[in-house]
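K.L.:
coords please:
(2 chains)
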2 protein chains.
Amino acid sequence: MDIKKVAKDTTKVLSSYLTYQAVQVVASQLRETNPGLAIWLSGFSSSGKIQDGEAYLQEMLQENQELAFRIMTVREHLAQEVVEYLPEMVLARVQQENMAHQRRYLERMTQLNVPQASPHPELTTDSEPQADDTGV
Amino acid sequence: MDIKKVAKDTTKVLSSYLTYQAVQVVASQLRETNPGLAIWLSGFSSSGKIQDGEAYLQEMLQENQELAFRIMTVREHLAQEVVEYLPEMVLARVQQENMAHQRRYLERMTQLNVPQASPHPELTTDSEPQADDTGV
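P.N.:
Model (predicted):
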């Protein structure tokens, strides 16, 4: 398990994801201030090339350098605001989701086993008259 | 700019990415210990469903719960080992890549302008004989 490589690859993925989020922020701002450019940005970003943030920005710099620099500024701002919360949030989420998967799995196993343990589930309805009694 | 939402979405993406990395680790271990299962895991994981880590694990739990729990254990371990380094690494990467884009952009602008400023680039080769002199 090469932790260093995983950390490096994860950093790359995160950096690309923040570029994608920065594009969303800039696109949302442009829809208010320059709808034509917003449509152009949306078209430029839709062909899947945003999967690689650096290649995307490289290409954007040749098409519209002002917009490219704006996206870079926003992604750096996003990184500054967001990254410090990530360690706690990611670890908590992974642990919570693992527990949720385990709980759901155990619940399913229990439900599957109940009919086997009690082949006559109709016998368990004995308690219903008692419930009626308390209502009287 | 909804920083809280960006942090939450980023956490989800990271959690799914660590699930993907955990599958790579387990697949690599299985290639040594149980090649048949490694091939099955590779097939199960190849249809793009690993994009959503939780849906992937949910489905895996129904196919092979032992493997699902193993992947969960590995991804929690990866999270514990990796997340603490991410804030510094991600911020550094974004800043470095931004600077690299700016430098490349300025270099390209300069190269585009050089032929206009100096229409005879062959004059700049004067320094080559001096390099030979030092070699004697």
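K.L.:
Which residue is the nearest non-sequential neighbour of residue A:79?
P.N.:
Excluding its sequence neighbours, the residue lying closest to residue A:79 (Cβ to Cβ, 6 or more residues apart in numbering or on different chains) is residue B:94, at 4.5 Å. Quick note: C-beta positions are derived from backbone N, CA and C, even for glycine.
K.L.:
for chain A, what are the low-confidence residue spans?
P.N.:
Where chain A drops to pLDDT under 70, the residues are A:113-136.
K.L.:
Can you list the residue ranges for helices in it?
P.N.:
Along chain A, the segments classed as helices by DSSP state H run A:3-33, A:35-45, A:53-63, A:65-82, A:86-117, A:127-135.
K.L.:
Mean neighbour count added to these, as CSV?
P.N.:
Listed next are the helices of chain A as CSV, based on neighbours: other Cβ atoms under 10 Å in any protein chain shown:
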stretch, mean neighbour count
helix A:3-33, 18
helix A:35-45, 14
helix A:53-63, 18
helix A:65-82, 19
helix A:86-117, 14
helix A:127-135, 8
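K.L.:
Looking at these, spot the one closest to residue B:53.
P.N.:
In terms of Cβ to Cβ, the element of those nearest to residue B:53 is helix A:86-117, at 7.7 Å.
K.L.:
so what does that closest one touch, helix or strand wise?
P.N.:
Applying 3 or more Cβ pairs under 8 Å, 6 or more residues apart in numbering or on different chains; DSSP states H and E, we find helix A:86-117 packed against helix B:3-33, helix B:53-63, helix B:65-82, helix B:86-117.
K.L.:
I'd like those helices written out as a markdown table, with distance to residue A:43 added.
P.N.:
Supplementary listing: those in a markdown table, determined by distance: least, Cβ to Cβ, whole Å:
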| stretch | distance to residue A:43 |
| --- | --- |
| helix B:3-33 | 23 |
| helix B:53-63 | 30 |
| helix B:65-82 | 36 |
| helix B:86-117 | 21 |
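K.L.:
I'd like to know which of these lies nearest to residue A:75.
P.N.:
Nearest of the helices and strands packed on helix A:86-117 (Cβ to Cβ): helix B:86-117, 5.9 Å.
K.L.:
Now do the closest one against helix B:3-33, angle only.
P.N.:
100 degrees (axes from the mean of the first three to the mean of the last three Cα atoms, to 10 degrees).
K.L.:
mind checking how far helix B:86-117 is from the chain centre?
P.N.:
19 Å (Cα atoms, centre = their mean, to the nearest Å).
K.L.:
Next, the angle helix B:65-82 makes with that helix.
P.N.:
Using the same axes, to 10 degrees: helix B:86-117 against helix B:65-82 is 70 degrees.
K.L.:
which residues are contacting stretch A:35-52?
P.N.:
A:16, A:19-20, A:23, A:26-27, A:30-31, A:55-56, A:59-60, A:63-64, A:67 (Cβ atoms under 8 Å, 6 or more residues apart in numbering or on different chains).
K.L.:
rerun at 6 Å
P.N.:
Residues outside stretch A:35-52 that contact it (Cβ atoms under 6 Å, 6 or more residues apart in numbering or on different chains): A:20, A:23, A:27, A:30, A:31, A:56.
K.L.:
near chain B, from the residues you listed?
P.N.:
Filtering the contacts of stretch A:35-52 for proximity to chain B by Cβ under 6 Å from any Cβ of the partner chain leaves nothing.
K.L.:
tell me which of those is nearest to chain B?
P.N.:
Of all the contacts of stretch A:35-52, residue A:20 has the smallest distance to chain B: 9.2 Å, by Cβ to the nearest Cβ.
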